[in-house]
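Structure for this input, please:
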Amino acid sequence: MERFTVAVQTAPFDAGAELARLSADPAVGALVSFTGQVRDYGDSDGVVALELEHYPGMTEKALAAIVDDARARWPLSAATVIHRVGRLALGDAIVLVVVAAGHRRDAFAAAEYLMDYLKTRAPFWKKEIGHDGSARWVEAKASDEAAADRWAGEEA
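Just a heads-up that it's a prediction; the model follows:
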């Protein structure tokens, strides 16, 4: 079984199956997961969907590099990153990060690191689709950039 995997796909993923796959190793003492989904902002713009685009090949390499960086910082047993692309409706899962480690502190830190870098450094382009069919590109938020920047000077 591949212990460190990344995938970019249009199809939904099964978070439970991914958790079960990584927890099968008896050396795993901690398993941390994060699932991000399309949310309703409840604003007047009436966003009904997101469209995510990427460059096939380049995106997978970038995700693998982010996972490799996490592996260099923490003693991880396994990690899975799955990111969806295409049109996603409200409530659809967008991203899954699962990290397995011997200890919870390493698993929590690595999962947070992976998400911070996925939000800011991974080559995805996100467009919000309004109820009237309008579309607007979404930029990274300053708070997401600050979260990722804090890792630059921090050692595991």
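
C-alpha only now, for contacts and for neighbours.
OK.

In this protein, which residue is most central in space?
residue 95 (4.5 Å; Cα atoms, centre = their mean).

For that residue, give me its contacts.
Neighbouring residues of residue 95 by Cα atoms under 8 Å, 6 or more residues apart in numbering: 34, 35, 36, 37, 81, 82, 83, 84.

Beta-bridge partners for it, please?
In this entry, residue 95 is beta-bridged to residue 36, residue 83, by DSSP bridges.

Okay, it and residue 132: tell me how far apart.
Distance, residue 95 to residue 132, by Cα to Cα, to the nearest Å: 26 Å.

can you give me the offset of stretch 100-109 from its chain's centre?
On the basis of Cα atoms, centre = their mean, to the nearest Å, stretch 100-109 sits 17 Å off its chain's mean C-alpha point.

ok, now stretch 63-80?
13 Å.

Extract the C-alpha set from it and format it as CSV.
These are the backbone C-alpha positions of stretch 63-80, laid out as CSV (Å, rounded to 0.1, in the frame of the first residue of the first chain):
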residue,chain,number,x,y,z
LEU,A,63,0.7,18.6,-4.0
ALA,A,64,3.4,15.9,-3.7
ALA,A,65,6.0,18.5,-2.9
ILE,A,66,3.8,19.9,-0.1
VAL,A,67,3.4,16.4,1.3
ASP,A,68,7.2,15.9,1.0
ASP,A,69,7.8,19.1,2.9
ALA,A,70,5.5,17.9,5.7
ARG,A,71,7.3,14.6,5.8
ALA,A,72,10.6,16.4,6.3
ARG,A,73,9.2,18.4,9.2
TRP,A,74,7.4,15.6,11.1
PRO,A,75,7.8,11.8,11.5
LEU,A,76,4.7,10.8,9.6
SER,A,77,3.6,7.2,8.9
ALA,A,78,1.3,8.2,6.0
ALA,A,79,-0.6,11.0,4.4
THR,A,80,-3.3,11.4,1.8
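
Within the helices and strands, which one has the residue of the chain most remote from its centre?
Farthest-out residue of the chain from its mean C-alpha position, per Cα atoms, centre = their mean: residue 132, at 28.7 Å. If you go by DSSP states H and E, residue 132 is not part of any helix or strand.

Tell me where the protein is predicted with low confidence.
1-2, 42-45, 144, 153-156 (pLDDT under 70).
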